[in-house]
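In: need coordinates for the below:
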Amino acid sequence: MGYQIELRHLRYFRVLASELHFGKAAQRLFISQPGLSRQIKQMEEIYGVPLLERGKRFVKLTAAGTYLKKEIDELFLHITKIERGVRTLGEFPITRLRFGFIGSAVQIVLSELLITLKHDHPTIEVEIQEQSNLLQIEMLLREEIDFGFVRTNALPQGISAIPILTEHFCLVVPKSYPIQQGNFETLADFKLEQFILFSKDYSQSYYDLIMSVFHSADFLPRVALRTVNALTIFNLVQQGLGVAIVPASLKRGYNIDVNFIDLDMLEQRTTLYLAWNSMNWHDRMQFLLDIVSDSRDRAMLF
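Out: Below is the predicted model of the structure:
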């Protein structure tokens, strides 16, 4: 037959396995649909097994196709790592930085950092994606992001971090709630309330810290709902479904009809960290830590 599997075959299959639609996959790949069908057919002939189940209105992966997709994903991650390593060892400057972040980071820290990068390093392409603390750590370990903004000090081996912001907590209450900042006395006054909290998936260490806040107030919260999204918390509070406790930085950047009560009298504080994979570190990334340190020293990030 003379056919051999080439990188383009794997790239075509990867896109098709993601879309499970020949037309959409062909559009993404900028080739014709018959051309894509021929390439996939070649792969099946070379491997000697069907990779897809085709119907009039569906395309599904076979067991072999599912296995191949998983392996191709790993292969392309490794190819990306090789490309980045080659650039690092050569004379090329950093051309792209990938950040993960949690919602509270964008209000103060990340926005200041992005402004500085745009001004001082306009040639660097920046990619950001909001993810939970746990997922960011996993992505750092897989080298899918370069830096993460996380609220957890439970870091696995190979992940390094520096603290960049330590802050107090705030209560989030509806604007019609009888207790507001002016007449607030103690958190214990809320012991009969329903609370909307960040879940353990947000960060186990953060969750434990919040529980210690309630322990200091001598009550266990009646938890109505848990989520990993700050905007969801605010919307639920606005609808009168409960009250919440969040980091103080989340007072900024949201146009939500709720009020905040500062809990700066409490000893508990939450810390935001900048984390990275120490095995993926190279000297050309030091400039980013310098930006963060300089901004922190000038109180830009606090």
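In: show the pLDDT at R284.
Out: As predicted, R284 sits at a pLDDT of 65.
In: C-terminal to the helix or strand encompassing H78, what's the next element?
Out: Assigned by DSSP states H and E, H78 belongs to helix 63-89. As assigned by DSSP H and E, the chain's next helix or strand after helix 63-89 is strand 96-101.
In: what is the helix or strand just after that next one packed up against?
Out: Following strand 96-101 in sequence order, the next helix or strand is helix 103-105 (DSSP H and E). Here helix 103-105 touches helix 230-238, going by 3 or more CB pairs under 8 Å, 6 or more residues apart in numbering; DSSP states H and E. Using the backbone N, CA and C atoms, a C-beta is placed for each residue, glycine as well.
In: now the helix it packs on: average pLDDT?
Out: 90.
In: same question for stretch 288-302.
Out: Averaging pLDDT along stretch 288-302 yields 62.
In: repeat that for stretch 260-278.
Out: Mean predicted confidence for stretch 260-278 is 92.
In: check which residues of that stretch are buried.
Out: Neighbour counts using 16 or more other CB atoms under 10 Å place F260, I261, L263, T270, T271, L272, Y273, L274, A275, W276, N277 of stretch 260-278 among the buried residues.
In: so how far is the helix holding H78 from its chain's centroid?
Out: Chain-centre distance of helix 63-89: 21 Å, with CA atoms, centre = their mean, to the nearest Å.
In: so which elements touch it?
Out: Where contact means 3+ CB pairs under 8 Å, 6+ apart, helix 63-89 is packed against helix 7-19.
In: quick check: mean pLDDT of stretch 51-71?
Out: If you average the pLDDT over stretch 51-71, you get 93.
In: and it, what's buried?
Out: Residues L51, L52, V59, L61, G65, L68, K69 are the ones in stretch 51-71 that count as buried (16+ other CB under 10 Å).
In: then stretch 145-162?
Out: Quick answer for stretch 145-162 (16+ other CB under 10 Å): I145, D146, F147, G148, F149, V150, R151, T152, I159, A161.
In: out of the residues you listed, who's nearest A17?
Out: I145 (23.0 Å; CB to CB).
In: pretty sure that closest one is touching Q136, no?
Out: Yes - the pair I145 / Q136 is scored as a contact, 6.8 Å apart, by CB atoms under 8 Å.
In: ok, N133 - contacts?
Out: With contact taken as CB atoms under 8 Å, 6 or more residues apart in numbering, N133 is in contact with I102, V150, R151, T152, Y202, S203, Y206.
In: show me these that map onto strands.
Out: When the contacts of N133 are checked against strands (DSSP state E), the matches are V150.
In: ok, so of the contacts of N133, who is nearest L75?
Out: Distances from L75 to those, taken by CB to CB, are shortest for V150, at 28.3 Å.
In: for that closest one, give its distance to E127.
Out: Using CB to CB, to the nearest Å, we find V150 at a distance of 17 Å from E127.
In: what does stretch 135-151 contact?
Out: The contact list for stretch 135-151, computed with CB under 8 Å, 6+ apart, reads 77, 80-81, 97-102, 104-105, 109-110, 129, 131, 133, 152, 155-156, 158-159, 161, 164, 202-203, 205-206, 247, 270-277, 280, 285, 288.
In: now do the helices in this protein.
Out: Remark: helices assigned in the chain by DSSP state H are 7-19, 22-29, 33-47, 63-89, 103-105, 111-120, 133-141, 204-216, 230-238, 286-297.
In: how about these in a markdown table, adding distance to N183?
Out: What follows is these, written out as a markdown table (distance: least, CB to CB, whole Å):
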| stretch | distance to N183 |
| --- | --- |
| helix 7-19 | 55 |
| helix 22-29 | 57 |
| helix 33-47 | 67 |
| helix 63-89 | 55 |
| helix 103-105 | 27 |
| helix 111-120 | 33 |
| helix 133-141 | 35 |
| helix 204-216 | 20 |
| helix 230-238 | 18 |
| helix 286-297 | 35 |
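In: pick the most deeply packed of these.
Out: Most buried of the helices of the chain by mean neighbour count (mean count of other CB atoms under 10 Å) is helix 103-105; its value is a mean of 25.
In: how distant is stretch 181-192 from the center of its chain?
Out: With CA atoms, centre = their mean, you get 33 Å for stretch 181-192.
In: endpoints of it, how far apart?
Out: End-to-end distance of stretch 181-192 (CA to CA, to the nearest Å): 19 Å.
In: and the average pLDDT for it is what?
Out: Mean predicted confidence for stretch 181-192 is 94.
In: what's the closest non-adjacent residue to the spatially most central residue of the chain?
Out: Closest to where the C-alpha atoms of the chain average out (CA atoms, centre = their mean) is Q131, at 2.0 Å. Among residues not flanking Q131 along the chain, G100 sits closest, at 4.7 Å (CB to CB, 6 or more residues apart in numbering).
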